[in-house]
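In: Please find the sequence and the predicted model below.
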Amino acid sequence: MKKILMVMVVAALAMAAAFAGGSNEESATVSTDGSTSMEKVILSLAEQYMADNPGVNVTYNPTGSGTGITAALEGRCDIGLSSRALKDSEVESGLKQTIVALDGIAIIVNADNPVSDLSIDQIHDLFTGAISNWSEVGGADAPVVAIGREAGSGTRDGFESITDTEDACVYSQELTSTGAVITAVSQNPGAIGYASLASNLDSVKTLTVEGVAPSEDTVKSGEYQIQRPFVFATLSGTALSDAAQKFFDYCTSAEAASIITGAGAVPVAE
C-alpha cells in the first residue's frame with residue numbers, strides 16, 4: 001500500500017508541475033525505479049526539479065535496488081536507483097554507475113533499549129546469533145530479535161558486506177522496505193535492525209558504532225564505518241532522453257547538494 005501511495009504522490013506532483021507550466025508546453029517524463037532507501041532523496045530532487053521545470057514529470061517506482069538495476073538494464077526505466085555499488089557482473093552486463101550521494105546505514109533498536117553503542121564485532125555477533133541476549137552487551141535480560149531487509153536489498157547488501165555477515169545473519173523477519181524495518185523495530189523491545197540514515201528514524205533509537213554517531217560529517221569523513229553509496233544506474237553507451245539527461249545532470253550537480261543534504265544524505269558534488 002505504501003508503494004502505491006508513493007507512486008500516487010509522485011504522479012500528483014508531476015501533474016501539478018505540468019499544469020503549472022501551462023497547456024502550451026509539451027510534457028516529458030523521466031522514470032526512476034529502485035531503492036526504497038533513496039525514497040526521500042529522489043522524491044526531494046524530483047519535487048524541486050519539477051517545480052523549476054514545468055512540463056517535466058519525474059516518476060519514482062520504489063521496488064528495491066535489485067529490481068531497479070534490472071529495470072535499467074532492460075530499458076524499463078530511464079534511471080535505476082541502487083543503494084549499493086554495482087557489482088562487476090552488472091557493469092559487465094552493460095550498466096554504468098554514478099554515485100549521487102553517500103548514506104550512513106544506521107543501527108537501530110527499540111527506543112526503550114538501554115544500549116547506546118556497539119562495536120562492529122558486537123553487531124556481527126548480534127545478527128549472526130553468536131550473541132543471543134541483550135545482557136551480553138550491557139542491555140536487559142531479553143532475547144535479541146534481528147530484523148533485516150530482503151535478499152536483493154541494497155541496504156542489506158551494504159550492511160552485510162561491512163559487518164562481514166553475508167549469508168550468516170539469523171533474521172527473525174526479512175522485510176521489503178526500510179520503513180517496514182523501522183516500524184518493526186519500534187514495536188519490539190528486543191529488536192535490532194538497520195536503516196538508511198536518510199530515513200525518518202524518530203520512532204527508534206539510533207546507536208553509535210565504535211563510539212561514532214552517524215551524521216553527514218562522520219559519513220563524509222569516513223569515521224562512521226557503516227555507509228554505502230546512493231547510485232544512479234544507466235545503460236552504458238546508450239544516450240538518455242533529453243529530459244532524463246537534464247534531470248540526471250541536475251541531480252549530480254552542486255546545485256542539488258542542498259536538496260540531498262536536506263533529505264538526510266551526503267552529496268558528493270560540491
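Out: Yep, that arrived.
In: so what pLDDT did residue 247 get?
Out: As summarised for this prediction, residue 247 has a pLDDT of 98.
In: do the same with the one 10 residues further on
Out: Looking at residue 257, its pLDDT reads 96.
In: Got phi/psi on the spatially closest residue to it that is not a sequence neighbour?
Out: In this structure, residue 257 finds its nearest non-sequential neighbour in residue 267, 3.9 Å apart by C-beta to C-beta, 6 or more residues apart in numbering. (C-beta placed from N, C-alpha, C; glycine too.) Dihedral pair for residue 267: phi -70, psi 150, per degrees, to the nearest 10.
In: Tell me who's in contact with residue 267.
Out: Going by C-beta atoms under 8 Å, 6 or more residues apart in numbering, residue 267 touches 100-101, 254, 256-257, 260-261.
In: Kindly state the beta-bridge partners for it.
Out: Under DSSP bridges, the beta-bridge partners of residue 267 are residue 101.
In: so how far is stretch 95-103 from its chain's centroid?
Out: Computed by C-alpha atoms, centre = their mean, to the nearest Å, the chain-centroid distance of stretch 95-103 equals 12 Å.
In: ignore the last one, stretch 98-117
Out: That offset, for stretch 98-117, works out to 12 Å (C-alpha atoms, centre = their mean).
In: Show me which residues of that stretch are buried.
Out: 98, 100-110, 113, 115 (16 or more other C-beta atoms under 10 Å).
In: Which residues are in contact with the spatially most central residue of the chain?
Out: Nearest to the geometric centre of the chain sits residue 37, at 2.1 Å (C-alpha atoms, centre = their mean). Contact partners of residue 37, counting by C-beta under 8 Å, 6+ apart, are 65, 83, 103, 154-155, 178, 195-196, 198-199, 230.
In: Is it correct that residue 184 falls within a strand?
Out: No: under DSSP: H, G, I helix; E, B strand; the rest coil, residue 184 falls outside any strand and is assigned helix.
In: Counting neighbours, what do you get for it?
Out: By other C-beta atoms under 10 Å, 19 other residues sit near residue 184.
In: Let me know the distance separating the nearest residue to it once chain neighbours are set aside from residue 156.
Out: Closest residue to residue 184 apart from its sequence neighbours, by C-beta to C-beta, 6+ apart: residue 147 at 5.0 Å. Distance of residue 147 to residue 156, computed by C-beta to C-beta, to the nearest Å: 11 Å.
In: Of these two, which one has the most company?
Out: residue 156 (27 against 23).
In: among the contacts of residue 267, which are in helices?
Out: If you go by DSSP state H, these have 257, 260-261 in helices.
In: before we move on, the earlier item: which strands border the host helix or strand of the residue nearest to residue 184, and is each parallel or antiparallel?
Out: Per DSSP states H and E, residue 147 falls inside strand 145-149. Here strand 145-149 has these sheet partners by DSSP bridges: strand 173-175 (parallel), strand 191-196 (parallel).
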